[in-house]
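In: Next input, structure requested:
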Amino acid sequence: MRVSCLIRAAFTWGLSLAPGALVVTADTPLFDPLDGNFDVSQYLAENAFGVLPVPIVITEPAVDGGVGAAGIFFHESDEQRERRMDALQNTDEGAGALLLTPSASALAGAYMGNGSYFVGGGHMGFWKQGRVRYMGGGGYGDVSLDFYGTGDAPIANPIEINTEAVALLQSLKFKLGELPVFAGVAQRYVSARLSASLAQDSLAGHFGPDVSPEQLSDAEETLTGDTTLSALGLVLELDTRDNFFSPHAGYRYELEHLWYRDVLGSDIDYQLTEFSGLNYWTLTQNWRLALRLNGQLADTDDFLPPFATPAIKLRGIPAARYQGNAVGVLEAEVTHQINYRWSVNVFAGTGRAADAFGELSSSDARNAGGAGFRYLIARRYGFEMGLDVARGPEDTVFYIQAGTAW
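Out: Numbering: from 1, shown residues only. So this is what the prediction gives:
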């Protein structure tokens, strides 16, 4: 999971707490004086130095669901808090930029239905009025997932792969002049132990007769051994979204290129390029359109461990179900704003995974779609939460969403 997603999800998950779970004083309102609806803006604004308890509900079918908890720590100076509180008291609209705490840290842990678990944490920091952005995090996980092969060469029977891993991910970006463009560096490190109770003959039975003995040997070594992957890279981002967590308008385009090298401690030398494009358009007062583009390309002839192989990420498709060295995803979402607080949405997407970029157009399309709703639970922050139900090629899955699904 990306560190930014972990922190955003954990931070916004705190907004979904029931009133009884919040540590509030008698004079801390949980209903917005503007319209009388349930709203936690005041609670968040008055507890910048506190710890926000966060429940985690995992609905991912690949791990049989799960539950967990997290704590979010806010960081701001006395001067920043005074400015924010003045904005809260004196301004009903347009104060979101001041109300958002400059930096936040998260600690989290979860246990899943198939016995998997993880513990970790991260930090999201903004300095110099947001001109410098840092995101970093790490943790330990013991996760079991089924491996279905790569590209359009699925294995005959899925193999359950257990991965015990320590991971560290970081990025540091700087704003370029007055443009909404950021450039910086990224770092990734994963040390993992993979296990699958397979002998050589049973592995050949899973992969089928078309796999060479050399490929079987590489696969067995990767799927049943220790692997360390370490990379440094460059990142370029354009960000004009009107809200970090629940955008209604604007764009976010990011291009990241990573070099995994032996001199950095990596057992496999390869390059990974990822492009992400998020587009949010306000069509009318009550209708919005969003479009997501994502592409990943691993430039390698080696057999990558499943946790490092690009995969289709769509609502309705289990994690790591469709993998390949090249992956492309397109997803659209239409939202209808019913009133100030409530909205409903429908979405559909398609993804392709192949062993090489040139094979993407001829690979099978994996389609998914569904519908959901959102509720504006923190008006002054622009935070929304809700539920999505999605149908993919194999499963129907529901997702409890905090902020944008992307």
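
In: mind listing the helices in the stretch 301-406 of the chain by residue range?
Out: Ranges of helices within the stretch 301-406 of the chain: none, based on DSSP state H, counting those that start in this stretch.

In: those strands in it, which residues are they?
Out: In the stretch 301-406 of the chain, the segments counted as strands under DSSP state E, counting those that start in this stretch are 326-337, 342-354, 366-378, 383-391, 396-402.

In: In JSON lines, list the ones you listed along with mean pLDDT and mean neighbour count.
Out: (C-beta placed from N, C-alpha, C; glycine too.) Compiled in JSON lines, those are given as follows (pLDDT from 0 to 100; neighbours: other CB atoms under 10 Å):
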{"stretch": "strand 326-337", "mean pLDDT": "98", "mean neighbour count": "20"}
{"stretch": "strand 342-354", "mean pLDDT": "97", "mean neighbour count": "20"}
{"stretch": "strand 366-378", "mean pLDDT": "95", "mean neighbour count": "20"}
{"stretch": "strand 383-391", "mean pLDDT": "92", "mean neighbour count": "20"}
{"stretch": "strand 396-402", "mean pLDDT": "87", "mean neighbour count": "18"}
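
In: of the ones you listed, which approaches residue 192 most closely?
Out: Residue 192 lies closest, by CB to CB, to one member of those: strand 326-337, at 20.4 Å.

In: Turn the strands of the stretch 301-406 of the chain into TSV, including distance to residue 132.
Out: Supplementary listing: the strands of the stretch 301-406 of the chain in TSV, determined by distance: least, CB to CB, whole Å:
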stretch	distance to residue 132
strand 326-337	30
strand 342-354	33
strand 366-378	26
strand 383-391	24
strand 396-402	26
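
In: how about the ones you listed, which one is nearest residue 223?
Out: strand 342-354 (18.2 Å).

In: Tell me where the stretch 101-250 of the chain has strands.
Out: For the stretch 101-250 of the chain, applying DSSP E, counting those that start in this stretch gives strands covering 103-112, 117-127, 132-150, 153-175, 181-195, 226-239, 250-260.

In: Kindly state the beta-bridge partners for residue 334.
Out: Beta bridges link residue 334 to residue 289, residue 346, judged by DSSP bridges.

In: from here on, count from 38
Out: Yes, from this point I'll number from 38; that puts the last item at residue 371.

In: In contact with it: list those residues for me.
Out: 324-327, 382-384 (CB atoms under 8 Å, 6 or more residues apart in numbering).

In: For my notes, please list those residues in TSV and give distance to residue 435 for each entry.
Out: Putting these into TSV (distance: CB to CB, whole Å) gives the following:
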residue	distance to residue 435
324	24
325	22
326	23
327	20
382	14
383	15
384	13
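
In: Which of those residues sits closest to residue 67?
Out: residue 382 (25.9 Å).

In: so that closest one touches residue 372, yeah?
Out: Yes: with contacts defined as CB atoms under 8 Å, residue 382 counts as touching residue 372 at a distance of 4.4 Å.

In: anything in contact with each of these two?
Out: In terms of CB under 8 Å, 6+ apart, residue 382 and residue 372 are both contacted by the residues residue 411.

In: so which of the contacts of residue 371 would you say is closest to residue 226?
Out: Distances from the contacts of residue 371 to residue 226 were compared by CB to CB; the smallest belongs to residue 327, at 32.8 Å.

In: Skipping its backbone neighbours, what lies nearest the closest one in space?
Out: In this structure, residue 327 finds its nearest non-sequential neighbour in residue 370, 4.5 Å apart by CB to CB, 6 or more residues apart in numbering.

In: how about the one you found, what does it touch?
Out: Contacts for residue 370 (CB under 8 Å, 6+ apart) come out as 326-329, 382-384, 442.

In: switch to 7 Å and redo it
Out: The contact partners of residue 370, taken as CB atoms under 7 Å, 6 or more residues apart in numbering, are 327, 382, 384.

In: Export these to JSON lines and append columns for distance to residue 201.
Out: Written out in JSON lines, the entries for the contacts of residue 370 read as follows (distance: CB to CB, whole Å):
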{"residue": "327", "distance to residue 201": "37"}
{"residue": "382", "distance to residue 201": "38"}
{"residue": "384", "distance to residue 201": "35"}
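
In: right, and residue 177 touches residue 205 too?
Out: No: between residue 177 and residue 205 there is no contact, the gap being 10.6 Å when judged by CB atoms under 7 Å.

In: and residue 305, how many residues sit next to it?
Out: For residue 305, the neighbour count with other CB atoms under 10 Å is 19.

In: Find me the pLDDT at it, would you?
Out: Reading off the per-residue confidence, residue 305 sits at a pLDDT of 95.

In: For residue 311, see how far away the closest residue to it other than its chain neighbours is.
Out: In space, not counting the residues next to it along the chain, residue 305 is nearest to residue 339; the distance is 5.1 Å by CB to CB, 6+ apart. Distance, residue 339 to residue 311, by CB to CB, to the nearest Å: 18 Å.

In: So for the two, which sits in the more crowded spot?
Out: The neighbour comparison of residue 339 against residue 311 (other CB under 10 Å) goes to residue 311, with 19 against 14.

In: which residues does that one contact?
Out: Applying CB under 7 Å, 6+ apart, one finds that residue 311 lies in contact with 293, 333.

In: let's go with 8 Å and repeat that
Out: The neighbourhood of residue 311, defined by CB under 8 Å, 6+ apart, consists of 291-294, 331-334, 347.

In: Kindly report the same for residue 203.
Out: Under the criterion of CB under 8 Å, 6+ apart, the contact partners of residue 203 comprise 175-177, 227-229.
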